[in-house]
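[1] Sequence and predicted structure below; questions after.
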Amino acid sequence: MAEHGRDGTWLILNGKSAQQPDVREAVERVRASGHRLDVRVTWEGGDGQRLVDDAVRAGISRVVAGGGDGSINEIVAGLMAHERSARPALGILPLGSANDFANGLNLPLAPQPALALAVSGEVRDVDVGMLDDEPFINVASGGFGAEITTSTPVGLKRLLGGGAYSLMGMLKAWNYQPFEGHLRWPDGEDRVPLFMLAIGNGSQAGGGQQLAPSAKLDDGLLELLFVRHFNSLGELKRIIDELENLPHDGHFVRYLRVPWVEFDSDGAFPLNLDGEPRRYHRFRAGLEQEAISLVVPERSPLLGRDQ
Ligand SMILES: Nc1ncnc2c1ncn2[C@@H]1O[C@H](COP(=O)(O)OP(=O)(O)OP(=O)(O)O)[C@@H](O)[C@H]1O
Ligand SMILES: [Mg+2]
């Protein structure tokens, strides 16, 4: 199948999963069904991006990212380093621990159906988020979510599921400190002690937390969710209520849809970019519209335009 005069598919597989028998079997099945599929395996960070460069040079029309959100992010970064017209299409074989992007898209998770779709499914043009000059395809999430979900095995969802009382206790035990931050977007700004912040091109992060439930990959917009810091159990209960409705101008919770947002922090604010931890004093998040051709399942919740 030729896309823009290029041909061939590469599976760029995270080496962590290279020896998984079900992955090997999925590759064999796809080949047996008549697809030419070459496999390239990563050894360490940075390899994904280099292998995309190789694929572009080799005139490959489609790359399949075999790995978790971090692997997808690296491959997207590899694609974005090339001109739009030179970028191979992207399929996904979800092999991570969380697979938040694949789950948000509603992709099949079992290697066989996932790879079959990845090599032969229809593609759609999707936006790619840019945090300064670094791409993210799914979610940038920071503050509480970034620190707690990466430094402990307990996710926000489980904490909230455990109730406000236990969350309050844990925050006290951790001596959780909010970040003073100034947020600016096209028609507004706010200075807040931040509890958490999420910027969504996709919808979920941190292992199934729906931080940007109305996110679409093809709407030219980012979803911006931020939660003001709180000091009492009563305030936390109000946050949990507001998180149910995601008001655009709540007392603690604001949920907005914006083409860009700028952030200035007094400290080095922890932010996960597609699940990979970073710290920033300031950044600007925006997006490049219709930046890559992504293989999507039928009726994906992340696609808004008529499907
Ligand atoms: N051969 C390898 N062995 C171990 N780690 C690797 C290998 N190749 C690349 N990596 C590292 O794997 C990381 C990406 O992991 P990935 O996000 O795909 O999996 P995950 O964290 O289990 O999934 P998820 O983010 O969905 O929970 C990259 O940071 C990269 O440095
Ligand atoms: Mg990861």
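    Looks like it came in fine. Note that the structure is a prediction, hence the values are computed from the model and not measured. Ligands and ions are numbered 1, 2, ... in the order given.
[2] All the helices of the stretch 201-307 of the chain, in order from the start?
    233-245 (DSSP state H, counting those that start in this stretch).
[3] Tell me how many other residues crowd the residue in it that ligand 1 sits nearest to.
    Using C-beta to the nearest ligand atom, the closest approach of the stretch 201-307 of the chain to ligand 1 is made by G275 at 4.2 Å. The way it works is simple: take the backbone N, C-alpha and C, and place the C-beta from them, glycine included. A total of 27 residues lie near G275 under the criterion other C-beta atoms under 10 Å.
[4] Repeat that for the one 10 residues further on.
    Around A285 sit 25 other residues, with neighbours defined as other C-beta under 10 Å.
[5] Around ligand 1, which positions in the stretch 201-307 of the chain sit nearby?
    Counting by C-beta under 6 Å from any ligand atom, the stretch 201-307 of the chain comes close to ligand 1 at G275.
[6] Any regions of the stretch 201-307 of the chain where pLDDT drops low?
    For the stretch 201-307 of the chain, the stretches flagged by pLDDT under 70 are 305-307.
[7] so where do the strands sit in it?
    For the stretch 201-307 of the chain, strands defined by DSSP state E, counting those that start in this stretch occupy the ranges 204-205, 209-210, 222-228, 253-258, 261-273, 276-295.
[8] Contacts only, for the closest residue to the residue of the stretch 201-307 of the chain closest to ligand 1 other than its chain neighbours.
    Leaving out its chain neighbours, the residue that sits closest to G275 by C-beta to C-beta, 6 or more residues apart in numbering is D69, at 4.3 Å. By C-beta atoms under 8 Å, 6 or more residues apart in numbering, the residues touching D69 are 96, 98-101, 138, 274-276.
[9] R29 now?
    R29 touches 112, 115-116, counting by C-beta under 8 Å, 6+ apart.
[10] Check which element follows whichever strand or helix holds it along the chain.
    When secondary structure is defined by DSSP states H and E, R29 falls within helix 21-32. Downstream of helix 21-32, the first helix or strand assigned by DSSP H and E is strand 37-42.
[11] number of nearby residues for G286?
    17.
[12] returning to what we had before: would you mind finding the most buried of the strands of the stretch 201-307 of the chain?
    strand 204-205 (a mean of 28; mean count of other C-beta atoms under 10 Å).
[13] one step back: distance to F144 added to the strands of the stretch 201-307 of the chain, as a markdown table?
    Output for the strands of the stretch 201-307 of the chain, formatted as a markdown table (distance: least, C-beta to C-beta, whole Å):
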| stretch | distance to F144 |
| --- | --- |
| strand 204-205 | 12 |
| strand 209-210 | 11 |
| strand 222-228 | 8 |
| strand 253-258 | 13 |
| strand 261-273 | 9 |
| strand 276-295 | 14 |
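[14] quick revisit: near ligand 2, from the contacts of D69?
    G275 (C-beta under 5 Å from the ion).
[15] Let me have the contacts of D69 in a markdown table, extended by distance to A65.
    Below are the contacts of D69 laid out as a markdown table (distance: C-beta to C-beta, whole Å):
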| residue | distance to A65 |
| --- | --- |
| G96 | 10 |
| A98 | 15 |
| N99 | 11 |
| D100 | 14 |
| F101 | 10 |
| N138 | 12 |
| D274 | 11 |
| G275 | 13 |
| E276 | 14 |
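[16] Of the contacts of D69, which pair is most distant in space?
    N99 and E276 (14.5 Å; C-beta to C-beta).
[17] In the sheet, which residues pair with the closest residue to G142 other than its chain neighbours? Tell me.
    Among residues not flanking G142 along the chain, L271 sits closest, at 3.6 Å (C-beta to C-beta, 6+ apart). With DSSP bridges as the criterion, L271 is bridged to G142, R278.
[18] Next one: L271 relative to ligand 2, how far apart?
    14 Å (C-beta to the ion, to the nearest Å).
[19] related to what we said a few turns ago, okay, angle between the helix holding R29 and strand 37-42 too, please.
    Counting by axes from the mean of the first three to the mean of the last three C-alpha atoms, to 10 degrees, helix 21-32 lies at 150 degrees to strand 37-42.
[20] Pull out the buried positions in helix 21-32.
    23, 26-27, 30 (16 or more other C-beta atoms under 10 Å).
[21] could I have it exported to PDB, CA atoms only?
    In PDB, the C-alpha atoms belonging to helix 21-32 read as follows (Å, rounded to 0.1, in the frame of the first residue of the first chain):
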ATOM      1  CA  PRO A  21       5.700 -14.700  22.200                       C
ATOM      2  CA  ASP A  22       2.400 -13.000  21.400                       C
ATOM      3  CA  VAL A  23       4.200 -10.200  19.600                       C
ATOM      4  CA  ARG A  24       6.200 -12.600  17.500                       C
ATOM      5  CA  GLU A  25       3.100 -14.500  16.700                       C
ATOM      6  CA  ALA A  26       1.200 -11.300  15.700                       C
ATOM      7  CA  VAL A  27       4.100 -10.400  13.400                       C
ATOM      8  CA  GLU A  28       4.100 -13.800  11.800                       C
ATOM      9  CA  ARG A  29       0.300 -13.700  11.300                       C
ATOM     10  CA  VAL A  30       0.400 -10.300   9.600                       C
ATOM     11  CA  ARG A  31       3.200 -11.500   7.300                       C
ATOM     12  CA  ALA A  32       1.200 -14.700   6.500                       C
END
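[22] Fine by me, we can end here.
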